[in-house]
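1. Give me the fold of what follows.
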Amino acid sequence: MPLLPLSDVGPGWYGWVMKLARRLADIQPSPTLALNARAKALAAAGKDVAGLSAGEPDFDTPAHVKEAAIQALREGFTKYTATAGIPELRAAIVKKLKEENQLDFTPEQVITTNGGKQALYNCFQALLSDGDEVVMFAPYWVSYPEQVLLAGGRPVVVPTRVEDGFHPDPAALARAITPRTRAVIFNSPSNPTGAVLPRENLEALAAVVERHPDVLAITDDIYERLLYTGKPFVNVANVAPSLRSRTLVVNGMSKAFAMTGWRMGYAAGPKALVFGMQLVQDQATSNVNSITQRAALAALTGPQEPIQAMVKEFHQRRDLLHGGLSQIPGIRCARPEGAFYAFPDVSAWLGKSWKGKKLESAHDVSERLLEDLLVAAVPGEPFGAPGHLRFSFAASRATLEKGLQRLRDFAAALV
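-> Residues are numbered from 1 along each chain as shown. Modelled structure (predicted):
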């Protein structure tokens, strides 16, 4: 396994190496975070970067949410809280799930976490034993398989196709489930595709899960408010009431409330699983930042107009980016119906050359776009989708226009 040199820890330690845990041998760093960091570094150096890689709104956190945090500081609300969260926040989450999602939970079935990512991590740590399987649909969010691996589990990938709108085939899901399957992950609207699973597709997929009483349904609803279909949001628990007792709902404040840096997520599900997740969090991080919890309470219970304004702008940016991408030779792009990503197929560019450099993969395309044209886009390989790129339209219209023009120049110069 790889060794980590620690020759920079000070005199007397030169040449010493540390042997790391075997579990890290199969884990990859987050490509989205790494690429965004590179783009920010280039911009900080004065480069005119068209940053289309970030998975976070470019809007500010709503004023009433920030004011709630300031008030918490004024009141000295800066101590430990219960690991699962303050009672009034958990009660607000229960109310939100009842009123907006028609799902009944008790506060004991809710845990607040340091972002939605920790909710998923806690779940896998609490749920999986060595060799247990978790089914996920590709393209998938990059952290799903890595978190499963960290818990000793095995990711089982069910591919979807752009021709089908990235809607999973229920028959393929049925073939993927084995006696070792512990969970199936649903993510709609999707990161990275922006696909929204229609009710009829969710119903057919749920019918497969219903036949396996030991399988948990995990619904990652972090983008639920960012919809452009004109239809109400539904998840797997909405379309299959029989699954509600074995569904874990994962959500958070990062996307809808422009609170990515606040690190506020939550999960609601079976009481035994949530208790296990709390045990994991007890020994990992304890509670979410107390000030963030008060801000989240204000977000859930306060004015919702800032979300509506943000979604309206994202809708217009979606149209701008999708329309521009669809007119570039060699790009095939499904229209995203939610979230703030477009996920075009650029496989027609592979095998061609850019300034004498042959493009063998979407990773190669992403590298050339960033290094040569200062366009930041995430390659599809870490999402389980070779030949694709992920572009974020959580960027200004001027940035989108600039990025599109550079992509047109890139496509025109390929030979």
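2. Count the residues that sit near Arg406.
-> As a burial measure, Arg406 scores 18 neighbours (other Cβ atoms under 10 Å). In this view, the C-beta of every residue, glycine as well, is placed from N, C-alpha and C.
3. mind listing what it touches?
-> Contact criterion Cβ atoms under 8 Å, 6 or more residues apart in numbering gives Ala50, Leu369, Leu373, Leu374, Val375 as the residues in contact with Arg406.
4. now swap in Gly384 and tell me
-> Taking Cβ under 8 Å, 6+ apart as the criterion, Gly384 is in contact with Ala138, Pro139, Tyr140, Pro145, Val157, Pro159.
5. Give me the distance between it and Gly269.
-> Relative to Gly269, Gly384 is positioned 25 Å away (Cβ to Cβ, to the nearest Å).
6. likewise Thr61?
-> Computed as Cβ to Cβ, the Thr61 to Gly269 distance reads 27 Å.
7. residue ranges with poor pLDDT in the stretch 201-350 of the chain?
-> Low-confidence segments of the stretch 201-350 of the chain (pLDDT under 70): none present.
8. thinking again about what came up before, for the contacts of Arg406, work out which two are farthest apart.
-> When the contacts of Arg406 are compared pair by pair using Cβ to Cβ, the farthest-apart members prove to be Ala50 and Leu369, with a separation of 9.0 Å.
9. count of neighbours near Pro62?
-> For Pro62, the count of nearby residues is 23 (other Cβ under 10 Å).
10. For the nearest residue to Thr160 once chain neighbours are set aside, the count of nearby residues, please.
-> Once flanking residues are discounted, Thr160 sits nearest to Phe166: 4.5 Å by Cβ to Cβ, 6 or more residues apart in numbering. Other residues within reach of Phe166 by the criterion other Cβ under 10 Å amount to 25.
11. With Pro155 instead?
-> Per other Cβ under 10 Å, the neighbour tally for Pro155 reads 18.
12. For it, list the residues it contacts.
-> Applying Cβ under 8 Å, 6+ apart, we find Pro155 in contact with Glu133, Val134, Met136, Tyr144, Pro145, Val148, Leu149.
13. Ranking by neighbours, what's the top pick from these?
-> For those, counting by other Cβ under 10 Å, the largest number of neighbours falls to Val134: 28 neighbours.
14. Which phi and psi values does that one adopt?
-> Note on Val134: backbone dihedrals following degrees, to the nearest 10 are phi -130, psi 130.
15. which residue ranges form the helices in the stretch 201-350 of the chain?
-> Listed in chain order, the helices of the stretch 201-350 of the chain (DSSP state H, counting those that start in this stretch) span residues 236-239, 271-284, 290-301, 305-326.
16. Throw those helices into a markdown table and include mean neighbour count and distance to Cys123, thanks.
-> What follows is those, written out as a markdown table (neighbours: other Cβ atoms under 10 Å; distance: least, Cβ to Cβ, whole Å):
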| stretch | mean neighbour count | distance to Cys123 |
| --- | --- | --- |
| helix 236-239 | 22 | 15 |
| helix 271-284 | 17 | 6 |
| helix 290-301 | 22 | 20 |
| helix 305-326 | 17 | 26 |
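17. Tabulate these in CSV, adding columns for distance to Gly380.
-> Formatted as CSV, the helices of the stretch 201-350 of the chain follow (distance: least, Cβ to Cβ, whole Å):
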stretch, distance to Gly380
helix 236-239, 25
helix 271-284, 31
helix 290-301, 32
helix 305-326, 14
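18. Out of these, flag the one nearest Ile111.
-> Closest to Ile111 of these, according to Cβ to Cβ: helix 271-284, at 5.3 Å.
19. what sits up against that closest one?
-> The list of residues contacting helix 271-284 from outside it, by Cβ under 8 Å, 6+ apart, reads 83-84, 106, 108-111, 113, 118-119, 121-123, 125-127, 216, 248, 267-268.
20. Relative to the whole chain's centre, how far out is that helix?
-> Between the centre of helix 271-284 and the centre of its host chain there is 22 Å, according to Cα atoms, centre = their mean, to the nearest Å.
21. OK, contacts around Ile185?
-> If a contact means Cβ under 8 Å, 6+ apart, then Ile185 has Val134, Val135, Met136, Phe137, Tyr140, Tyr144, Ile218, Asp220 as its contacts.
22. Just the ones of those residues in strands?
-> Judged by DSSP state E, the subset of the contacts of Ile185 located in strands is Val134, Val135, Met136, Phe137, Ile218, Asp220.
23. Now do the same for Thr32: its pLDDT.
-> The model reports Thr32 with a pLDDT of 73.
24. 39 is where my numbering starts, stick with that
-> Yep, numbering from 39; the last one is Thr70 now.
25. Skipping adjacent residues, who's closest to Leu334 in space?
-> Check again: residue 334 is Ala, not Leu. Nearest non-adjacent residue to Ala334, counting by Cβ to Cβ, 6+ apart: Met302, 4.6 Å away.
26. tell me the contacts of the one you found?
-> Contacts for Met302 (Cβ under 8 Å, 6+ apart) come out as Thr150, Asn152, Gly153, Gly290, Met291, Ser292, Val326, Thr330, Gln331, Ala333, Ala334.
27. is it true that the last one touches Ile124?
-> No. Here Ala334 lies out of contact with Ile124, judged by Cβ atoms under 8 Å, at a distance of 9.5 Å.
28. circling back to that earlier point, put together a markdown table for the ones in strands among the contacts of Ile223, with distance to Leu73 on each row.
-> Conversion of these to a markdown table gives the following (distance: Cβ to Cβ, whole Å):
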| residue | distance to Leu73 |
| --- | --- |
| Val172 | 25 |
| Val173 | 27 |
| Met174 | 22 |
| Phe175 | 23 |
| Ile256 | 26 |
| Asp258 | 21 |
